[in-house]
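[1] This is a predicted model, with the sequence first.
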Amino acid sequence: YQRRVRDTCSLSHMLQPPPTSPAPLFPSSVAPNDIYLAVYDLSRGLARQLSQAFIGMQVDGIWHTGIVVYGKEYYFGGYDGISNITPGTFANGTLVQFLKLGSTEVTEILFLEYLSGIKQRFCAHNYNLFHFNCNSFTDEASVFLLGKQIPSYIRDLPQEVLKSPMLQNLLQGFSGFSPLSPNPPSIAPSVPQLVSPSTTSATGINPSVPVLDAVLKATTKHSHQHLTLQLIDQLNSPLLFTAVPAVEKILPRLQTFISSSSPDLQKEARHGLSICEEWLKQKADNMFSLPVDLPLLWVRLAKERAESEKYPFLDILRLMALNKHANSMLANGVEVVELMKSIFSETTHPSQEKTSLWNYTLILKLACNLSSGDNGHQFLIKNLKYFADIIPNLVAVDDPSVKSAAASLLFNISLVLPIQTEASDEIVTFLSSIVHHLNTKSLVEETAFIMLATVGKLCYMRTQSVELVNVLGLEVDFYTKSSTKKVHQAASDIHLLMNFEKNGQHMDTLNQPSENDNDLYD
């Protein structure tokens, strides 16, 4: 294998980028709302020539994309964040094609507002060559504009490359070095480059260091991954609330409450209600094309209503969060959190009124359902401190539905928190609250399972979190004796993690990434 790499490297200096065809021209007659994907090859043809020898798989290009709409091409890079240029003029790659994705109903003003809302997330600091790159941006923008993703051969290329056994073997040769050390090994002469011969990539940075760093992070096993767990490491899907209310029950309530809305909202609300009626009759189909402004209208209606009249609007919003078209709008904006703040204004002493409890449950379920979309993890992360303030008090509410919904949101948060050595303030808050309630041994069985699963996810591959659970004195043995299989399995996994850290065993080694885990919630 090493000889083959050497032979390839000795010839690579002879390979020049192949002759390119004339760049495709942007169509001259397009409507302003037509959406095109500008596709470039950053390697200028070298990926097609060298990829088979280098990583053992054929890669036709290192794809950079921009989304073309309203006469401009928008793209995301690791140097300037979101930028726009004249279509087809990206300088650091060869233009391959303009791929028409469709036509949008989103206005230019609304699209620019959307970009303004996501620019803090799509900033240069967050750029990651494998996991959060130019194609992540165009994919998300396409979902917002059209409700569909960009082609999978572009979107999934980084993860396909990371799976290459040949690349994994090659990287093991660098396992003794830190790619970010002051004097990293000289990689460039011995590894054929799959990027443009220029010294910088499209992001304006040297590609070799972040590429190797990202791959090493993706391929390093934590000591917990050597343990044989029964359940916790397989729980990777968010908890969602998908039940569709009976149309004949919810519509009369909505009609009554809308009729007493402010005059400027009534006409707009009645039109929105007619669309919702058709959508509900189709069992709230997640691919139903809801107008882009409808979710925010429903938020306004919910905020305007008295406490006793909010719940049917919140129930509709809960379902909208599962809709591909509406999810992006709700997850990217601040309106849902503002609505939560208006409902949870007195979380230190939550109301025990029946309708208030309904509202608490539904808005928590709405937040859970936002986890289902491409932007759901960002919604949870950017509002993490707020959730850490309110959830412990809501978990303590003496109502099974509120307690279960709050625990479910905690579980969904546990799925998206970054793995890090130290337990963050939020993790400490969450674990302290959950351990307290688990130790009461009075929870409904399903809620107990959700809380155990959350403890497991917050502890798995987080050594300090396990140590905290040990200090807090989680009485996990009580749950390992449960006759319910999933409760027993989750508790047994936590028991194993707690004992493992007590014994101080650590065996971090380099390995390949694991396969996708099974979804246990089907």
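    That came through, no problem.

[2] Give me the below-cutoff pLDDT ranges for the stretch 401-522 of the chain.
    Within the stretch 401-522 of the chain, the segments meeting pLDDT under 70 span 420-422, 504-522.

[3] Now do the helices in it.
    425-438, 445-459, 463-472, 477-480, 485-502 (DSSP state H, counting those that start in this stretch).

[4] which one of those lies closest to R305?
    Among these, helix 445-459 comes nearest to R305, with 28.8 Å by C-beta to C-beta. No exception for glycine: its C-beta is placed from N, CA and C like everyone else's.

[5] Most tightly packed of the helices of the stretch 401-522 of the chain?
    Scoring the helices of the stretch 401-522 of the chain by mean neighbour count under mean count of other C-beta atoms under 10 Å gives helix 445-459 as the most buried, with a mean of 24.

[6] Show me how far that one is from its chain's centre.
    21 Å (C-alpha atoms, centre = their mean, to the nearest Å).

[7] and that helix with helix 463-472, angle?
    Computed by axes from the mean of the first three to the mean of the last three C-alpha atoms, to 10 degrees, the angle separating helix 445-459 from helix 463-472 equals 130 degrees.

[8] Tell me the helices and strands packed up against helix 445-459.
    Under the contact definition 3 or more C-beta pairs under 8 Å, 6 or more residues apart in numbering; DSSP states H and E, helix 445-459 sits against helix 400-416, helix 425-438, helix 463-472, helix 485-502.

[9] I'd like the ones you listed laid out as a markdown table, including distance to S356.
    What follows is those, written out as a markdown table (distance: least, C-beta to C-beta, whole Å):
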| stretch | distance to S356 |
| --- | --- |
| helix 400-416 | 9 |
| helix 425-438 | 21 |
| helix 463-472 | 31 |
| helix 485-502 | 30 |
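
[10] how about the strands of this structure, start to end?
    Remark: strands assigned in the chain by DSSP state E are 34-41, 63-69, 72-77, 81-85, 94-103, 220-221, 509-510.

[11] Of the helices of the stretch 401-522 of the chain, give the one that comes closest to I391.
    Nearest of these (C-beta to C-beta): helix 425-438, 7.2 Å.

[12] Check which helices and strands the closest one sits against.
    Where contact means 3+ C-beta pairs under 8 Å, 6+ apart, helix 425-438 is packed against helix 384-395, helix 400-416, helix 445-459, helix 463-472.

[13] if we go to 7 Å?
    helix 384-395, helix 445-459, helix 463-472 (3 or more C-beta pairs under 7 Å, 6 or more residues apart in numbering; DSSP states H and E).

[14] Please export the C-alpha coordinates of it as PDB.
    Written as PDB, here are the backbone C-alpha positions of helix 425-438 (Å, rounded to 0.1, in the frame of the first residue of the first chain):
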ATOM      1  CA  ASP A 425     -23.100  24.900  33.000                       C
ATOM      2  CA  GLU A 426     -26.200  23.900  31.100                       C
ATOM      3  CA  ILE A 427     -25.300  20.200  31.300                       C
ATOM      4  CA  VAL A 428     -24.800  20.500  35.100                       C
ATOM      5  CA  THR A 429     -28.200  22.200  35.400                       C
ATOM      6  CA  PHE A 430     -29.900  19.500  33.300                       C
ATOM      7  CA  LEU A 431     -28.300  16.600  35.100                       C
ATOM      8  CA  SER A 432     -28.900  18.000  38.500                       C
ATOM      9  CA  SER A 433     -32.600  18.400  37.800                       C
ATOM     10  CA  ILE A 434     -33.100  15.000  36.100                       C
ATOM     11  CA  VAL A 435     -31.200  13.100  38.900                       C
ATOM     12  CA  HIS A 436     -33.300  14.800  41.500                       C
ATOM     13  CA  HIS A 437     -36.600  13.700  39.800                       C
ATOM     14  CA  LEU A 438     -35.300  10.200  39.000                       C
END
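
[15] still on that earlier bit, JSON lines for the helices of the stretch 401-522 of the chain, including distance to Q234?
    Output for the helices of the stretch 401-522 of the chain, formatted as JSON lines (distance: least, C-beta to C-beta, whole Å):
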{"stretch": "helix 425-438", "distance to Q234": "20"}
{"stretch": "helix 445-459", "distance to Q234": "10"}
{"stretch": "helix 463-472", "distance to Q234": "18"}
{"stretch": "helix 477-480", "distance to Q234": "18"}
{"stretch": "helix 485-502", "distance to Q234": "10"}
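
[16] Show me the one of those that comes nearest K249.
    Nearest to K249, of all those, is helix 445-459, at 24.8 Å by C-beta to C-beta.

[17] For the closest one, list the C-alpha coordinates in CSV.
    The C-alpha coordinates for helix 445-459 follow below in CSV (Å, rounded to 0.1, in the frame of the first residue of the first chain):
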residue,chain,number,x,y,z
GLU,A,445,-42.7,4.9,33.5
GLU,A,446,-42.4,6.5,30.1
THR,A,447,-41.1,9.8,31.6
ALA,A,448,-38.6,7.8,33.7
PHE,A,449,-37.3,6.2,30.5
ILE,A,450,-37.0,9.5,28.7
MET,A,451,-35.0,11.0,31.7
LEU,A,452,-32.8,7.9,31.9
ALA,A,453,-32.1,8.2,28.2
THR,A,454,-31.2,11.8,28.6
VAL,A,455,-28.8,11.1,31.4
GLY,A,456,-27.2,8.4,29.2
LYS,A,457,-26.8,10.8,26.2
LEU,A,458,-25.4,13.6,28.4
CYS,A,459,-22.9,11.1,29.9
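
[18] how close does E501 sit to L231?
    Separation of E501 from L231 (C-beta to C-beta, to the nearest Å): 18 Å.

[19] do the same with G93
    As judged by C-beta to C-beta, G93 and L231 stand 45 Å apart.

[20] Please apply the same query to S345.
    Distance, S345 to L231, by C-beta to C-beta: 38 Å.
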